[in-house]
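A.B. asks: Next one to model:
(one chain, ligands or ions: 1)
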Amino acid sequence: MGLDKFTALLSVADLKKHYDVNFSLFGRPTRQVKAVDGITFNLLRGETLSIVGESGCGKSTVGKTIAGLMSPTEGEVFLNGERIDTMSASQFRHRRKRIQVVFQDPFSSLDPRMRVREILAEPMRNFGVAKRKGDVDKRVARILDTVQLPKDAAGRFPHEFSGGQRQRIGIGRALAAEPEVIICDEAVSALDVSVKAQVVNLLQELKERLGLSLLFISHDLAIVDHITDRVAVMYLGKIVELGPRDGIFGNPRHPYTQALLSAVPMPEVGVKRERIILKGDVPSPANPPSGCAFHTRCPLVFDRCRKEAPVLRTVAEGHTAACHLTG
Ligand code: SF4
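C.D. replies: Predicted coordinates:
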């Protein structure tokens, strides 16, 4: 996008999250998993950027690291030009207020012993959005209205709601902190198809109405096509393609993106994509392939791919891909 950390709302630079997984007799690490291995992107104000890829590609780790739920191994995260990944514990609250997360499973992320009123009031008090009872009650009522739940929902417990309604409570809890960025981590993946569409429409409407920025982490490209402005495709901890929705969905350049999209039904009746079946599973991030990490599954692999890792190069305006065939 050509925007630096001072003009983007959220800016992530060379972010890495590595884990030590095997240890010697003396407790020294002998093997590392590179769950996220040097990713860079910007999120603009009012934008939805989706991070997509198969399970295990590192996309959820990116979200958790940005939200401060995990600390990065290396790299920098800026919000409005202010570095947030090195904030002290007292500054941390400030960061948590501005970046909220909606998780995949609303049932396990909502305290079953708390009524909805308390679930929504807690972040208001914790982040200093509202303290007096009258103010909190007014805000709770407004949030329930915003996420399209009835007023009497305030007095009920999470188990009294359907999956879709619980996810609306999860979205309401994120909104209660008055954040600038909401990270949706597979937030609609566990929902039935019709409910999924309703919750996605709600997120889209909230983004536009409240000027929020969404980092939408998902493996479901049909949903991503519906909601996103831009897409980052991850494979084994790295971004392999990043671009505007029309560029990614209309003219994907990376063979991995092409394979993922070939499995997505076309919206036009009677139009079919040729399905590209990828061989094998995603390799272990503890032992990634040499050269291009996708070479063990790529239908277009050639000699150079096994030896040399491709770098992200511009293929169109605001659109980059990491493949020797696009260089
Ligand atoms: Fe496939 Fe080679 Fe491109 Fe990697 S660099 S995606 S192996 S063609």
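
A.B. asks: drop to CA atoms for contacts and neighbour counts, all remaining ones
C.D. replies: Will do.

A.B. asks: Now do the SS call for the residue nearest the centre of the chain.
C.D. replies: Centroid-nearest residue in the chain, with CA atoms, centre = their mean: Ile217, separated by 2.8 Å. Under DSSP: H, G, I helix; E, B strand; the rest coil, Ile217 falls in the strand class.

A.B. asks: What residues does the residue nearest to Pro244 when sequence neighbours are not counted make contact with?
C.D. replies: Closest residue to Pro244 apart from its sequence neighbours, by CA to CA, 6 or more residues apart in numbering: Arg230 at 4.1 Å. Counting by CA atoms under 8 Å, 6 or more residues apart in numbering, Arg230 touches 48-50, 242-245.

A.B. asks: Quickly list what Arg230 is bridged to.
C.D. replies: Per DSSP bridges, the residues bridged to Arg230 are Leu49, Pro244.

A.B. asks: Ok, the one 4 residues further on next?
C.D. replies: In this structure, Met234 has beta-bridge partners Ile239, where bridges are defined by DSSP bridges.

A.B. asks: burial count for whichever residue of the stretch 101-250 of the chain sits closest to the ligand?
C.D. replies: Closest approach between the stretch 101-250 of the chain and the ligand, counting by CA to the nearest ligand atom: Val240, at 8.4 Å. Neighbour count for Val240, taken as other CA atoms under 10 Å: 28.

A.B. asks: And Phe41, how close does it get to Gly75?
C.D. replies: 12 Å (CA to CA, to the nearest Å).

A.B. asks: Need the residues touching each of these two.
C.D. replies: Counting by CA under 8 Å, 6+ apart, the common neighbours of Phe41 and Gly75 are 12-13.

A.B. asks: Going by how many neighbours each has, rank the two and give me the top one.
C.D. replies: More neighbours surround Phe41 than the other of Phe41 and Gly75, with 21 against 16 (other CA under 10 Å).

A.B. asks: now that one, what's its secondary structure?
C.D. replies: Look at Phe41: counting by three-state DSSP, its state is strand.

A.B. asks: what residues are up against it?
C.D. replies: Here Phe41 is in contact with 11-13 (criterion: CA under 8 Å, 6+ apart).

A.B. asks: Same list, those, but as CSV with distance to Gly318, pLDDT and neighbour count please.
C.D. replies: Output for those, formatted as CSV (distance: CA to CA, whole Å; pLDDT from 0 to 100; neighbours: other CA atoms under 10 Å):
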residue, distance to Gly318, pLDDT, neighbour count
Ser11, 16, 96, 24
Val12, 16, 97, 23
Ala13, 17, 97, 17
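
A.B. asks: can you list the residues of this protein near the ligand?
C.D. replies: 254-255, 292, 294-295, 298, 300-302, 305, 310, 323-325 (CA under 6 Å from any ligand atom).

A.B. asks: so how far is Asp137 from Val116?
C.D. replies: Counting by CA to CA, the gap from Val116 to Asp137 is 11 Å.

A.B. asks: Ser109 now?
C.D. replies: Distance, Ser109 to Asp137, by CA to CA: 22 Å.
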